[in-house]
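# Predicted coordinates and the sequence they were generated for:
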Amino acid sequence: MIDETMMEAEEKMENAVNSLTHEFARVSTGRANPAMLDPVYVDYYGAKTPLNQLANISIPEGNQLLIKPFDKSSVKDVEKAINAANLGVNPNNEGDQIRIVMPQLDENRRKELVKQVKKSAENARVKIRNARREANDAIKKLEKKSELTEDESNDYQEEVQKLTDKYIGKVDDELKRKEDDLLTV
């Protein structure tokens, strides 16, 4: 029972960090990143389909994305889906492909994005702390049922705290990396 509790807590913490990493990948830094197109779903023959399943996405230059749909007739649908996703970019339809030139970020926009990533990092920390609280509650319940001694309970709670510190550290590292990325001109 205690092993399940510990594994579940670690899994929740790991998911919080993975979710944050994925969220950070979508924040534009002025450099092209295909991950920013992950939320784009194209209405393709009546089915919502992820863009990366309908097209080849490449980076011809540091600030450009080139999207080449496998089906040339879907270029307009892809363009419409990118606009509808509200990514803050303007897709240029070149007939059989779409080019997205990433806008250069001004200082105010960079600061705004830093605030946004800090908020996302704090949300991830809250998820990690919630996982810690749930694990500690489960450990205390086992102690009340006399399935764990008080010393064992304290040891497991210390272990949960070490896990929490480890994953909060990962969040802080991701935040630092993304802040540096955003503030680099």
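Yep, it's here.
# Correct me if wrong: residue 103 contacts residue 64.
No. Residue 103 lies out of contact with residue 64 (CB atoms under 8 Å); the separation is 11.3 Å. For every residue, glycine as well, the C-beta is placed using N, CA and C.
# quick one: residue 41 and residue 81, what's the gap?
Applying CB to CB, to the nearest Å, the value for residue 41 to residue 81 is 6 Å.
# swap that for residue 184, please
Distance from residue 184 to residue 81, by CB to CB: 30 Å.
# where are the low-confidence patches of the chain?
Across the chain, the ranges flagged by pLDDT under 70 are 29, 185.
# From the centre of it, give me the residue that's furthest out.
residue 146 (40.7 Å; CA atoms, centre = their mean).
# element containing it?
Per DSSP states H and E, residue 146 falls between elements, in no helix or strand.
# which phi and psi does it have?
The phi/psi pair for residue 146 (degrees, to the nearest 10) reads phi 60, psi 30.
# Point out the other helices and strands that the lengthiest strand in the chain packs with.
If you go by DSSP state E, the chain has its longest strand at strand 64-69. Helices and strands touching strand 64-69, as assessed by 3 or more CB pairs under 8 Å, 6 or more residues apart in numbering; DSSP states H and E, comprise strand 55-58, helix 75-84, strand 98-101.
# Note down every partner strand of that strand and its orientation.
Strand 64-69 has the following strand partners under DSSP bridges: strand 55-58 (antiparallel), strand 98-101 (antiparallel).
# mind putting the ones you listed in CSV, distance to residue 172 and mean neighbour count included?
Compiled in CSV, those are given as follows (distance: least, CB to CB, whole Å; neighbours: other CB atoms under 10 Å):
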stretch, distance to residue 172, mean neighbour count
strand 55-58, 31, 17
strand 98-101, 31, 18
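# And the ones you listed: which comes nearest residue 28?
strand 98-101 (10.3 Å; CB to CB).
# Nearest spatial neighbour of residue 26, chain-adjacent residues omitted?
residue 36 (5.1 Å; CB to CB, 6 or more residues apart in numbering).
# could you dump stretch 67-78 to PDB, C-alpha only?
Extracted in PDB, the C-alpha atoms of stretch 67-78 (Å, rounded to 0.1, in the frame of the first residue of the first chain):
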ATOM      1  CA  ILE A  67       4.600  23.500 -43.300                       C
ATOM      2  CA  LYS A  68       4.200  21.200 -46.300                       C
ATOM      3  CA  PRO A  69       0.900  19.400 -46.200                       C
ATOM      4  CA  PHE A  70       1.000  15.800 -47.600                       C
ATOM      5  CA  ASP A  71      -2.300  16.600 -49.400                       C
ATOM      6  CA  LYS A  72      -1.800  19.800 -51.300                       C
ATOM      7  CA  SER A  73      -5.600  20.400 -51.400                       C
ATOM      8  CA  SER A  74      -5.600  20.900 -47.600                       C
ATOM      9  CA  VAL A  75      -3.300  24.000 -47.600                       C
ATOM     10  CA  LYS A  76      -6.200  26.400 -47.100                       C
ATOM     11  CA  ASP A  77      -7.600  24.200 -44.200                       C
ATOM     12  CA  VAL A  78      -4.200  24.200 -42.600                       C
END
